Structures are given as structure tokens and as C-alpha cells.
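>>> Requesting a structural model of the entry that follows:
(one chain, ligands or ions: 2)
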Amino acid sequence: MTQHLVDARAPRDLTAFIAELPKAELHVHHVGSASPRIVSELAARHPDSKVPTDPGALVDYFTFTDFAHFIEVYLSVVDLIRTPEDVRLLTYEVARDLARQQVRYAELTITPFSSTRRGIDERAFMDAIEDARKAAEAEFGTVLRWCFDIPGEAGLEAAEETTRLATDDRLRPEGLVSFGLGGPEVGVPRPQFKPYFDRAIAAGLHSVPHAGETTGPETVWDALTHLRAERIGHGTSSARDPKLLAHLAEHRIPLEVCPTSNIATRAVSTLDEHPVKEFVKAGVVVTINSDDPPMFGTDLDNEYAVAARLLDLDERGLADLAKNAVDASFLDAAGKARIKGEIDTYTAGWLDR
Ligand SMILES: O=C(O)c1cccc(C(=O)CC[C@H]2O[C@@H](n3cnc4c(=O)[nH]cnc43)[C@H](O)[C@@H]2O)c1
Ligand SMILES: [Zn+2]
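Ligands and ions are numbered 1, 2, ... in the order given. This is a model prediction of the structure:
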């Protein structure tokens, strides 16, 4: 855990409730989910890297001065993923960590461009993530789905490559459900990605770009208008535009809120200044997510504890938050009903103790 972050764990009884609450995670990055053990194992495999091999040293390494510094460190971890076996190991271990937190369903954001440009064969990459997905579902019961995102700062070459990998019927993995846009927002206008999102949407993928994480509400409007966003990654700055909040609420466009991430990248100064309460007050559908959990010294359970504190939630409120994520997911109706049923049964049993 990074020490600079506030320990926002809920009081003991809610912590125990959250730990066993069945959950869905909609905004979590593949490489950004590598546990200290996996990062140090990969760093030891590749000793030319500047990433520390000692898990203890990662606490300092994962302390960020700003968003640009976060991306620089993130890419140094991306550089550790060099073989299809690295990809498989990482994906499988991420699923194990999710399962430990009772995550029944997760949409994992993967940046295939970063791997193919580093020389991993595209067919072997797809096979590695699919193999790990199937093994994780069979062994842990956690259902994984993929969001392929364009690393926006890498430009239109990255957009073209990501779109090709996501839409070519011979490559496109079975678990792929959505198409995203990540990385820095400053100097990376969203409208330029419209043709790529149009192609992905035409191929049946859902649109889930990051927007309004490090720039203003106009970026969220761009994501809605040009990229036809069905959910918004972060959307933090939406709080500065009442018309935007009303639009998100009216059209039931969920926000993928990641409170601790916003503090760790210094997009928001303190947790108490986080606008999540304003979103709820405005009637916006809020989902709670962990983004890059080990890099931000958090996990999904901690993010629910943070939300409980910021939104003053009890067990029923937390269960509603968990159901928001299921409803906002791209799971089919039967899958949604199954997990929501589990959440209700668990919550009723807990309150009847
Ligand atoms: O892989 C490359 O070679 C490359 C070249 C230029 C730029 C990039 C990126 O910008 C990669 C950024 C990468 O960051 C991921 N990510 C993880 N957490 C967040 C977040 O909180 N906000 C935005 N992006 C995030 C994202 O998946 C991008 O792919 C790469
Ligand atoms: Zn993200």
C-alpha cells in the first residue's frame, strides 16, 4: 500500500460486509493491476528494466508527482510484459486478485497496441488473454471481459492498430465487449478518434472512453457527442457543468468513478474534495472502481469503503452501489440477474444475523 494515501477503510463492520459482498468491476487496467509480487517477478525476469525487483521498493516507485509521472511509471511496467507467457501470467493473476475480493464479473481494460508494438505476436497475445480468461472462469468463477483501449497520446497509428485488432474477425477475442481511449487527455482531442470508434461500434463493441479525468467537462461532452460514449471513464470534471450532470442523469450514462486513483494522480487534491457526492445528488449513475489498484495502493474493497465514507452509506447503500455496477456492465440480462440476486441474498443474510 502506498503510504501517502489516506487509509479510508470503513469501520470494522462495513469492512467485513464489503469483503464478502459480490461485486462487479468496470474500470480496471490490465497492466495497472499487476500486484507487487508479479511486478517484482517480471522485473527479475527482465533485469535491464529500471522497475525495482524488491516489492517493498515499489511503494516509493508507485508514488506519483502528477498524471504525466504516473504514465511514465506505468509505461515502465508495460515494458516488463515481453512474452505471451508474461501476458498470460499477468492476466491469470489479476483474475485471482479480483476473485479474492468476491468480484464476480470484471471488464478489464487492455492496451493491445502497447504489446504488439513491443514485439509480441498479435495471435499469441489474443490466445494468452483468452486462455487466462477461460482458466480464471473455470478455477475462480470470475467472469472476465475485455475493453481494448487506444493509448491516445500514441496517436492515430495506435488508433488504427487498436481498431484493427478489435474488429478483425480472425483476431478479435471472444471476451471483447468494448472499446476505450486512455492515457493523457491534455493535447489529445477526443474528436480525432471518431472514425475509429465508429468502426468499433459498427463491429458491435460498446464505447467507454476515459474523459474528464485530467481535463474539463468539454472533454466529457466530446466523448458523448463524437465517440458515442455509453459510460464515461472517470468523468470527474463533469461536476463543474450542471447541464452535463443533468444530461448524464437523464440519459443514464454511468460514470466509472475511481476515487483513490484521482488522488494518487493528483487529479483531485483530497478525498473530501472528490465530487462523487455531487454526482449522486444530481441523479447520475455512479459505479465504483479501482483503476490501477496496486499502483494506487488500493483495491476494489477499499474503494467501496471510501465510497461508504464519502456518500455516508450503510450496507443497503453499498449493495445498491454494487448493483449499479452490475446494471451498467455489458453482461447479458441473465448474468446481471444472477449477480444482483447474489448481492440481495448476501445483504439480507448479513442484516438478519
Ligand atoms: O505503449 C506505448 O508505446 C505508448 C506510447 C505512447 C503513449 C502511451 C500511453 O499513453 C499509454 C497510457 C495507458 O495508460 C493506461 N491507463 C492506466 N490508468 C489510466 C488512467 O487512470 N487514465 C488514463 N489512462 C490510464 C491506459 O490504458 C493507456 O493505454 C503508450
Ligand atoms: Zn483508467
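>>> And residue 349, how far from ligand 1?
Here residue 349 is placed at a distance of 35 Å from ligand 1 (Cβ to the nearest ligand atom, to the nearest Å). Backbone N, C-alpha and C define where each C-beta goes, glycine included.
>>> That residue sits in which helix or strand?
helix 333-351 (DSSP states H and E).
>>> Show me what counts as buried in that helix.
335-336, 339-340, 342-343, 346-347 (16 or more other Cβ atoms under 10 Å).
>>> Quickly name whichever of those residues is closest to residue 319.
residue 347 (4.3 Å; Cβ to Cβ).
>>> need the contact list for the closest residue to the closest one other than its chain neighbours.
What sits nearest to residue 347 in space, not counting adjacent residues and going by Cβ to Cβ, 6 or more residues apart in numbering, is residue 319, at 4.3 Å. With contact set as Cβ atoms under 8 Å, 6 or more residues apart in numbering, residue 319 has these partners: 21, 343-344, 346-347.
>>> again, only this time at 10 Å
17, 21-22, 313, 340, 343-344, 346-348, 350-351 (Cβ atoms under 10 Å, 6 or more residues apart in numbering).
>>> how far away is residue 133 from ligand 1?
Using Cβ to the nearest ligand atom, residue 133 is found at 18 Å from ligand 1.
>>> same check, this time on residue 82
Distance from residue 82 to ligand 1, counting by Cβ to the nearest ligand atom: 13 Å.
>>> Looks like that residue contacts residue 120 (just checking).
Yes: the criterion here is Cβ atoms under 10 Å, and residue 82 meets it with residue 120 at 7.1 Å.
>>> picking that back up, pLDDT score for the residue nearest to residue 347?
Residue 319 is assigned 98 on the pLDDT scale.
>>> Let's verify it: helix, strand, or coil?
Three-state call for residue 319 (DSSP: H, G, I helix; E, B strand; the rest coil): helix.
>>> before we move on, what about residue 85?
Classification of residue 85 using three-state DSSP returns helix.
>>> residue contacts, the closest residue to it other than its chain neighbours?
Spatial nearest neighbour of residue 85, chain neighbours left out: residue 128 (7.3 Å); criterion: Cβ to Cβ, 6+ apart. Neighbouring residues of residue 128 by Cβ under 10 Å, 6+ apart: 81, 83-92, 115, 120-121, 173.
>>> Now, of those residues, which are buried?
Buried subset of these (neighbour count, 16+ other Cβ under 10 Å): 81, 83-84, 86-92, 115, 120, 173.
>>> how much space between the residue lying closest to residue 188 once chain neighbours are set aside and residue 113?
Once flanking residues are discounted, residue 188 sits nearest to residue 152: 4.1 Å by Cβ to Cβ, 6+ apart. To residue 113, residue 152 is 11 Å away according to Cβ to Cβ, to the nearest Å.
>>> Quick check: neighbours shared by these two?
Common contacts of residue 152 and residue 113, defined by Cβ under 10 Å, 6+ apart, comprise 158-159.
>>> which residues of the chain fall in strands?
In the chain, the strands defined using DSSP state E lie at 23-29, 103-110, 143-151, 176-182, 206-207, 210-211, 232-234, 255-257, 286-288.
>>> okay if I get these as TSV plus distance to ligand 1, mean pLDDT and mean neighbour count?
Shown next, in TSV, are these (distance: least, Cβ to the nearest ligand atom, whole Å; pLDDT from 0 to 100; neighbours: other Cβ atoms under 10 Å):
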stretch	distance to ligand 1	mean pLDDT	mean neighbour count
strand 23-29	4	98	27
strand 103-110	5	98	25
strand 143-151	3	98	25
strand 176-182	3	99	24
strand 206-207	15	99	20
strand 210-211	5	98	28
strand 232-234	7	98	28
strand 255-257	10	99	28
strand 286-288	15	98	25
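>>> What is the nearest of the buried ones among the contacts of residue 128 to residue 160?
residue 115 (15.8 Å).
>>> burial count for the closest residue in space to the closest one that isn't next to it in sequence?
If the residues on either side of it in the chain are set aside, residue 115 comes closest to residue 125, at 5.3 Å by Cβ to Cβ, 6+ apart. Neighbourhood size, residue 125 [other Cβ atoms under 10 Å]: 22.
>>> Enumerate every residue touching residue 125.
Contacts for residue 125 were tallied using Cβ under 10 Å, 6+ apart; they are 81, 83-84, 87-88, 110, 112, 115-116, 165, 171, 173.
>>> Just put these in TSV and tack on distance to residue 258.
Formatted as TSV, the contacts of residue 125 follow (distance: Cβ to Cβ, whole Å):
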residue	distance to residue 258
81	22
83	29
84	29
87	24
88	26
110	17
112	22
115	23
116	27
165	25
171	29
173	25
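>>> Closest one of those residues to residue 294?
Lowest distance from residue 294 to those (Cβ to Cβ) belongs to residue 81, with 14.7 Å.
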